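Student: I would like to see how this sequence folds:
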Amino acid sequence: MIGGASDRYRVLVARAEAIAAGNAEEMPRIPAICHQLSVSQRTLRKAFRSVYGQSPCRRIRVLRLNQARQALLAVDGETAKVTEIAICFGFFELGRFSVEYRKLFGESPSQTLRAAGRDGEMSHDGRAGLRNAGIDYQNPLSRAFGASVMDAAQDLDVESA
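Tutor: Sure, this is the predicted structure:
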């Protein structure tokens, strides 16, 4: 996170990420997220830029790519297909998915799937990288969105009660 983000922005971003995590099959639209949060698109953009230095759309896309990677690493390469996993996480433009995936992870989705199938465990830095990032890969929301989001969402629930 970027240093100067206010607590209000952190909570707003956590809530937006929780909304996005709630619908794995469909890429959430920013106006719909803003409507659910009762904030303007400009406010949401400012919050994401303040917290992550990225737009909401980019941040959610990266989180979804991470979610797809975890699925690729967790399944049997003999029975699962990259296409099925990509579509499951809301990526319908498969060429774009593959290009963005390679940029982010340094390998194609099919390479990840093959490596996971060979080892039966995550091949390279997969789980170690998750542990270092504080992500609990047993919790689906945490796998997709990271521990900080889960903590902030839980804090929000406590405050609301």
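
Student: any idea how far L72 lies from A115?
Tutor: Using CB to CB, to the nearest Å, L72 is found at 9 Å from A115. Any C-beta I mention is one placed from the backbone N, CA and C, and that applies to glycine too.

Student: And the two? Which one has more around it.
Tutor: Between L72 and A115, L72 has the larger neighbour count (other CB atoms under 10 Å), namely 26 against 18.

Student: Name the helix or strand of the chain that has the lowest mean pLDDT.
Tutor: Taking mean pLDDT, DSSP states H and E as the measure, the chain has helix 126-132 as its least confident helix or strand, at a mean of 39.

Student: Let me know the pLDDT of Q67.
Tutor: What the model reports as pLDDT for Q67 is 89.

Student: F89 is in contact with that one, correct?
Tutor: Yes - the pair Q67 / F89 is scored as a contact, 5.4 Å apart, by CB atoms under 8 Å.

Student: Output the below-cut-off pLDDT ranges for this structure.
Tutor: 1-5, 24-25, 117-161 (pLDDT under 70).

Student: could you redo the last one with a cut-off of 50?
Tutor: 120-161 (pLDDT under 50).

Student: and the longest helix belonging to it, what other elements does it pack with?
Tutor: Across the chain, the longest stretch assigned as helix under DSSP state H is helix 56-74. Helix 56-74 makes packing contacts with helix 7-21, helix 30-37, helix 41-52, helix 82-88, helix 94-105, helix 109-119, helix 126-132, helix 140-145 when contacts are defined by 3 or more CB pairs under 8 Å, 6 or more residues apart in numbering; DSSP states H and E.
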